[in-house]
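In: Everything below, folded, please.
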Amino acid sequence: MMRGRPFEPGNKFGRGRPTGSPNKKTQQAQKLFEENSPAIMALAINRSREDPQMLRMLASHVVPQRRGLNVNIGCLPMNTLEDLDRASAVTLKKATSGKIGLNEAHTICTMIEGRRRVLETQDLERRLSALENPGVLPNQGSPGS
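Out: I've put the predicted structure just below:
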């Protein structure tokens, strides 16, 4: 018994929802819940005087934890130390203006720090090579220039 015909190669419609895009039904449910959350919480508080676990459970649904969604902050060149400085400034500006969350900003800054370590290691390797081989000219251009 065959379950159905598989998608043909090159089918553009079978990829599903893009990663990080919100689910429409979840958005509608969240909107409905947000609109009615004061009434729901008032009712829950009145009924949960003898059941505090119910209050905790409802409160976690009214204020859900934010999941890691894809964040688009644009292209951040990271080839020199100046680029890294600009990238961290852009990230800080977006975080303080509320365009990205603090968790996302922290993740981006961690990536910037990792790239800084790579550039620093490359620079130290280039300098060490120049000291060990004084007759060979080192590559011109450091991570800071």
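In: center of this protein, which residue is that?
Out: The C-alpha lying nearest the average C-alpha coordinate of the chain belongs to Glu104 (Cα atoms, centre = their mean; 4.0 Å).
In: Distance of that residue relative to Thr80?
Out: To Thr80, Glu104 is 24 Å away according to Cβ to Cβ, to the nearest Å. (C-beta placed from N, C-alpha, C; glycine too.)
In: Please apply the same query to Gln122.
Out: 11 Å.
In: Repeat that for Leu92.
Out: Taking Cβ to Cβ, one finds Leu92 at 19 Å from Thr80.
In: what number of residues lie near Ala95?
Out: Neighbour count of Ala95, defined by other Cβ atoms under 10 Å: 19.
In: in which helix or strand would I find it?
Out: Using DSSP states H and E, Ala95 sits within helix 81-97.
In: Output the contacting helices and strands for that helix.
Out: In terms of contacts (3 or more Cβ pairs under 8 Å, 6 or more residues apart in numbering; DSSP states H and E), helix 81-97 is packed against helix 102-132.
In: List the buried residues of the helix it packs on.
Out: For helix 102-132, the buried set under the neighbour-count rule, 16 or more other Cβ atoms under 10 Å, comprises Glu104, Ala105, Ile108, Ile112, Arg115, Arg116, Leu119.
In: Kindly report the same for stretch 30-50.
Out: So, applying 16+ other Cβ under 10 Å, buried residues of stretch 30-50: Ser37, Met41, Ala44, Ser48.
In: for the helix holding Ala95, the distance to its chain's centre please.
Out: Remark: helix 81-97 is offset 15 Å from the chain centroid, using Cα atoms, centre = their mean, to the nearest Å.
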